[in-house]
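**Student:** sequence plus the predicted model coming up.
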Amino acid sequence: MRRSNPYVDTKIIKNDQDRPSYDRVTSIIGAFTDWSKIPEDVLERKKDIGTCTHRIIELMLQGKELGVIPEDIEGYIESFDRFWTDYSHNFDESTMRLEERLWCDNHKITGKPDMIIKKNDKTFILDWKTSAGMYSSYDLQAAAYCYLAIESGYSNVDQPMFIRLRIDGKKPALTKFSNFESSLEMFFKCLDVYRYFKMNK
């Protein structure tokens, strides 16, 4: 299993405290997602699996010791490794930023894509998913990440790609979003409603 990449930039600025009141993209979109039919313990377990999977991938890309991988995470990690084996050569000689928090001071929003890649004069955004399917909210999340990358000074930002990892370890499903303008417009409508009803409280 590939566990390191020489182009990963691990010097991430931890500046969350600089803007503590900014609304997060995932919180804004999550407020409009109905999880009422899923038992709370199942939701919590899915959240833990997603968090653990993301952390292990981050460690792999930084070349750090993985330790014991939980059994219910193994399939997702194998799925990621298949993706990375097939696509990592496209990122040679690029600069990769992991879990970099992006900001927009105008709208006071923030988001943290899993990976931002700068190669030549283009910027690529990748995000790992452990969900069973692709949701309409992902369009809004992708548009918001793209917007935040532009606001944060990245140039020639390509449409984000979400990589839905498979629990059975098979090759992941790749989705590249292209309806940036309409999705971003819908995201800001959600932001207006979110703040009007003080859903962040």
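**Tutor:** Perfect, thanks for sending it. Everything quoted here is computed from the prediction, not taken from an experiment.
**Student:** where do the helices of this protein begin and end?
**Tutor:** Per DSSP state H, the chain carries helices over the ranges 25-30, 40-61, 74-87, 137-151, 180-196.
**Student:** now render those as TSV, adding distance to Lys118 and mean pLDDT.
**Tutor:** (Each C-beta comes from the backbone N, C-alpha and C, glycine too.) Putting the helices of the chain into TSV (distance: least, C-beta to C-beta, whole Å; pLDDT from 0 to 100) gives the following:
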stretch	distance to Lys118	mean pLDDT
helix 25-30	21	96
helix 40-61	15	94
helix 74-87	16	97
helix 137-151	10	97
helix 180-196	19	97
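**Student:** now, of those helices, which is deepest in the fold?
**Tutor:** Mean neighbour count (mean count of other C-beta atoms under 10 Å) peaks for helix 137-151 among the helices of the chain, with a mean of 22.
**Student:** show residues contacting that one.
**Tutor:** For helix 137-151, the external contacting residues (C-beta atoms under 8 Å, 6 or more residues apart in numbering) are 25-26, 28-29, 32-33, 102-106, 109-111, 113, 116, 123, 125, 127, 129, 157, 159-160, 162, 175, 177, 179-180, 183-184, 186-187, 190.
**Student:** same deal with stretch 32-52?
**Tutor:** Under the criterion C-beta under 8 Å, 6+ apart, external residues in contact with stretch 32-52 comprise Pro70, Asp72, Ile73, Tyr76, Thr130, Tyr135, Ser137, Cys190, Val193, Tyr194.
**Student:** again, only this time at 7 Å
**Tutor:** For stretch 32-52, the surrounding residues in contact (C-beta atoms under 7 Å, 6 or more residues apart in numbering) are Pro70, Asp72, Ile73, Thr130, Ser137, Cys190.
**Student:** just the closest of those to Tyr87, please.
**Tutor:** Using C-beta to C-beta, Thr130 is the member of the contacts of stretch 32-52 that sits closest to Tyr87, with 18.3 Å.
**Student:** dig out what Thr123 forms beta bridges with.
**Tutor:** Beta-bridge pairing for Thr123 (DSSP bridges): Lys118, Val157.
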